[in-house]
Structure formats: structure tokens, C-alpha cells
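K.L.:
I'd like to go over a predicted model; first the sequence, then the structure.
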Amino acid sequence: MTLILGLETSCDETAAAIVRDGQIVLSNVVATQHDLHQRYRGVVPEIASRAHLQNINPVIQESLDRAAITLNDLDAIAVGHRPGLIGSLLVGVSAAKTIAWATDIPLIGIDHVQAHLHAATLTDPPTSNKPAPQIDPPSWRGNSITGNPKSDFSVTSNPQPGNPQPPPTASSNAAPNTPSQNKGSGVVSKEIQTTKSTPDPLINSGAQNKAPGTFTPADAPAKLTFPALGLVVSGGHTSLYAMNSPTDLTLIGATIDDAVGEAYDKAAVILNLGYPGGPKLDKLAQQGDPTQHDLPRSMLAKDSLDFSFSGLKTAVLYTVRGHPKGRGAAAKFQRSIDDLNEQQITNIAAAFQAAAIDAIIKKLKRAVQHMTDQGTPPQSLVIGGGVSANSLLRTRATELGEQLNITVRIPAFAYCLDNAAMIAGLAHTHYQAHNFANLDLPAIASGSV
């Protein structure tokens, strides 16, 4: 049995998790910064890194407590060290190095994007006498998500923009006290609260579990079959990978402008839905008629596996406000969002979602054909990243898998957005290969597989 502590601080979530043998999630704690960035309608790097400093110690401690272990029980510590916001990455990398040095256990550096593709294999511990915990579909980027296994996790004393609070009294990079030492409990009790989670109707009804080969029961961890086609869709990435193993990936397609999650957030701003708007737009779109507006699906060149969403975003803007007259600061739009009624806005949301997901599905079909032509037809389709929580993408991807007779793996909702369980899970593969990092492991802002 291998126990690995994972840390994730690449953007605006401070996360820690304990994973057993690469797949069984014993704890999964995520502190989000939704309220800090909402007023800016986007993540502010300096605010994000300061919040990580405040949250990292109590989040680590909570993950240990929920798994009922101490640092002495760990076999290794893993950290997402690329890509991401450099200030945010440095917090997690520094904390991981400190724990590795203090406990004399291996340090493992993990690629954040690779980890998203491992998320589809994660599962809760098997239970025989109680139902699986209910989880809410998380925000793709911002809202609190459930901490495995019983309750939601949130940090209640986040620093305020422009006037950040100082980090905890203990050094931000210091290893947290274990429960037996009982010195860190004061910090944790001030920083963390647990609240009840509300059931998700799709999970309760079993609707999502009806798709064959897509989801796996909690007591039967999913196994990926290779070669596989990987798709990472999030606020920062829209990428296709040919996968020969969990760590042997070749990039075969990527966005040339906006990531799909970024396009969702920007479209939500245009529709005045708030930030982060992806989940709100998804929910609203389910009530609309996508045929009321014919929005573009960018396919680029005939055989291109790359994505482009900037034109779709602009089309939404012009659909809402009309074509502008004039250029630059002098441009005047014909109308504003206030001139549209609720049903009109709902229909535009539906049309945007239909176009965005349709473009992704068409590229997936192209990618399957590309890999087949290369002599490596994919045996499975693996999807990860925050937008993998999108209702239409999950449905369309499942249908595609059935059409092409390919097994589809999509993470449970709790493991779609940024989390540390995916970091610790993928680290198990590196641990088995003795692929350890030195204490000079760098934080790398850009570049991935």
C-alpha cells in the first residue's frame, strides 16, 4: 500500500489530498478563492498567491486529518509544478519541498495537465454498508467543492483584494503539525469550516451511470486502456493528446487562441451571468433553444486538430449587442444586454454551448481518425479538466464513444476542476518508476507535455 500526499496551487485553488495506490482517494480538500476574484471577472495572480500563502498549511492539515494519518505515514509527497501562475506554483512547490526535506520522503513533480487525464481513474474508498457520498457539480474554476468523503470545504477568512491579510503565524513553507503534535489545530479551526453538501439529482437518479463504459462504481477503480486519446478542457487548456501510458503523451492538437473554459467565462460576462460563468451558462443553456441562433464552429484547416474559440466569443457579443459602428474606443453598439428578455438570453446561451461542444466533438472524431491512420487506433477516450463537468460535453462524448465503440472515461464531478487528488494519483506511477525530484525542483509557469 502506498500513501501519497498531493499538493495543487497552480491557479486559484489551494488543494491537498491523500491517495492510496494511485486511485483510492482518502481525502480531497480544496480551498477556493471565488469571492476574491469575482469583482475582477478573472484571476488576479498576486491576490491568488497571497491567498495560497494563507491557506496552504490548514489545507494540508485538513487533508491529513480526514485521511486519519500523519506525515509519518506518507510514502511520498507530490506537487503540481507546471504549468500555472508562477507565484501560485511557488507556494505549493515550496511547501512540498519543505515536507519532503523534513520527513525524508521522496518528492515527485507532476505536470498539471497530465494529472487532469489521470483524474478519470480516481475513486472513493469502497464501502459496503453506507451509500456513496453525494457531491455537487463543482464550479469549473471557482466554487467550493466537496471534501471527500462527507462534507464541503471552504476557507472563511480569505484576504480581501487590496488589503490582503498576512499569512498564518507559522511559516507558509513549513510542514504542518501532525495531529499527534496538536500544535496546528488553532490555525485550522480558524481557517476551515465544513458544511453539508446537497445531493446532485443526476447522481441520485443514476442517469450518468447508465452510459456503458463511461463511469465506474466506487469499489471498482477505472483502468485506462492504451493507446488512448486524451482531451484536456479547462479555463487555461484545450488540448488533444495521443497517450501510450499515463506519462507518455504526445500533443496532437491545441487551441490557437482562447481555451474553451475561458470562452465560456467570457460569454457568460457578455450575457451578464457573473464570474466564473461556465457552470451558470451550462445550466442556463439547458433551458434554451440552440436553433434560434446559428453560431460558428471553427474547424480551421481540413485536417487540423487545433481549436479556436475567439470567433465564437465575438459572435456571441454581436448577437447580444449588434454589430458596432465605428472603431476602437469610438465604437458604438446597437443595443445592450438589458434590451434582451430572459428567453432571448437563454437561447443565446444554448446556441453558444451547442457550438462550443460541437466543435470539440468534431475534433475528437478527427483525432480518432488521425490516430487510426497512424496505426495506433485509440482504445479509450479520456477527458479531464474543469469543462469535463459540462453536461452537454459529458453526454456528447458518451454518445461518441458508443458510436465508435471506444471506452470513455470522464472524472467524477469532484475531480473535474483543479484538485490535488489527481496530482497524488498520477504520482503513484512516478513512485513505482522511482522517478523522484531533487529539492531544486523548479516551478515552471509555461510549457507542458
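P.N.:
The structure has been received and is ready for your questions.
K.L.:
so where's this protein shaky on pLDDT?
P.N.:
127-221, 448-449 (pLDDT under 70).
K.L.:
which residues of it fall in strands?
P.N.:
Ranges of strands in the chain, per DSSP state E, are 3-8, 13-20, 24-32, 76-82, 107-111, 146-147, 151-155, 192-195, 228-233, 238-243, 249-254, 380-384, 407-409.
K.L.:
Columns distance to L281 and mean neighbour count on top of those strands, output as JSON lines?
P.N.:
Where you see a C-beta, it was placed from the backbone N, CA and C, and this is true even at glycine. As requested, the strands of the chain are arranged in JSON lines below (distance: least, CB to CB, whole Å; neighbours: other CB atoms under 10 Å):
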{"stretch": "strand 3-8", "distance to L281": "25", "mean neighbour count": "28"}
{"stretch": "strand 13-20", "distance to L281": "20", "mean neighbour count": "29"}
{"stretch": "strand 24-32", "distance to L281": "19", "mean neighbour count": "26"}
{"stretch": "strand 76-82", "distance to L281": "27", "mean neighbour count": "28"}
{"stretch": "strand 107-111", "distance to L281": "29", "mean neighbour count": "23"}
{"stretch": "strand 146-147", "distance to L281": "22", "mean neighbour count": "26"}
{"stretch": "strand 151-155", "distance to L281": "23", "mean neighbour count": "20"}
{"stretch": "strand 192-195", "distance to L281": "25", "mean neighbour count": "15"}
{"stretch": "strand 228-233", "distance to L281": "14", "mean neighbour count": "28"}
{"stretch": "strand 238-243", "distance to L281": "16", "mean neighbour count": "25"}
{"stretch": "strand 249-254", "distance to L281": "23", "mean neighbour count": "17"}
{"stretch": "strand 380-384", "distance to L281": "19", "mean neighbour count": "26"}
{"stretch": "strand 407-409", "distance to L281": "23", "mean neighbour count": "23"}
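K.L.:
how close does A331 get to I60?
P.N.:
Distance check for A331 against I60: by CB to CB, to the nearest Å, it reads 49 Å.
K.L.:
Please say which of the two ends up with more neighbours.
P.N.:
A direct count of neighbours by other CB atoms under 10 Å for A331 and I60 places I60 higher, at 29 against 10.
K.L.:
how much space between the more buried one and F307?
P.N.:
Counting by CB to CB - I60 and F307 are separated by 36 Å.
K.L.:
Kindly report the same for G386.
P.N.:
16 Å.
K.L.:
who has more neighbours, the two?
P.N.:
Relative neighbour count places G386 above the other of G386 and F307, with 29 against 25, counting by other CB under 10 Å.
K.L.:
Test my guess that that one contacts G236.
P.N.:
No: at 9.1 Å, G386 does not count as touching G236 under the criterion of CB atoms under 8 Å.
K.L.:
what do the two both touch?
P.N.:
G261 (CB atoms under 8 Å, 6 or more residues apart in numbering).
K.L.:
A367: neighbouring residues, count only.
P.N.:
Using other CB under 10 Å, A367 has 21 neighbouring residues.
K.L.:
Excluding covalently adjacent residues, which one is nearest to it?
P.N.:
Spatial nearest neighbour of A367, chain neighbours left out: L240 (5.0 Å); criterion: CB to CB, 6 or more residues apart in numbering.
K.L.:
For beta bridges, what are the partners of that neighbour?
P.N.:
Per DSSP bridges, the residues bridged to L240 are L231, G253.
K.L.:
hang on, isn't it packed against A254?
P.N.:
Yes: between L240 and A254 a contact is recorded at 7.2 Å, counting by CB under 8 Å.
K.L.:
Mind giving me the packing neighbours of the lengthiest helix in the chain?
P.N.:
The longest helix of the chain (DSSP state H) is helix 342-373. On a contact count with 3 or more CB pairs under 8 Å, 6 or more residues apart in numbering; DSSP states H and E, helix 342-373 meets strand 228-233, strand 238-243, strand 249-254, helix 260-270, helix 278-285, helix 310-321, helix 391-404.
K.L.:
name the helices or strands packed onto the longest one?
P.N.:
Right, helix 391-404. helix 278-285, helix 342-373, strand 380-384, strand 407-409.
K.L.:
Tell me which of these sits most buried.
P.N.:
Highest mean neighbour count among the helices and strands packed on helix 391-404 (mean count of other CB atoms under 10 Å): strand 380-384, with a mean of 26.
K.L.:
Pull the distance from that strand to the chain's centre.
P.N.:
Chain-centre distance of strand 380-384: 14 Å, with CA atoms, centre = their mean, to the nearest Å.
K.L.:
now swap in stretch 109-118 and tell me
P.N.:
Centroid separation for stretch 109-118 versus its chain: 10 Å, with CA atoms, centre = their mean.
K.L.:
Use 56 as the first number from now on
P.N.:
In the new count, where the first residue is 56, that last one comes out as stretch 164-173.
K.L.:
List of residues touching that stretch?
P.N.:
Residues contacting stretch 164-173 (CB under 8 Å, 6+ apart): 61, 63, 65, 133-139, 285, 287, 289, 292, 294, 296, 298, 301-302, 304, 437, 439-440, 473, 477-478, 480-482, 485, 492, 496, 503-504.
K.L.:
roughly how far apart are the nearest residue to G142 once chain neighbours are set aside and D90?
P.N.:
Nearest non-adjacent residue to G142, counting by CB to CB, 6+ apart: S104, 3.3 Å away. Look at S104 and D90: by CB to CB, they are 16 Å apart.
K.L.:
now D358
P.N.:
From D358 to D90 the distance is 45 Å (CB to CB).
K.L.:
More neighbours: which of these two?
P.N.:
Each of D358 and D90 has its neighbours counted (other CB under 10 Å); D90 has more, 13 against 10.
K.L.:
Can you get me a residue count around D344?
P.N.:
Counted with other CB under 10 Å, D344 comes out at 13.
K.L.:
quick one: it from A370, how far?
P.N.:
Distance of D344 to A370, computed by CB to CB: 17 Å.
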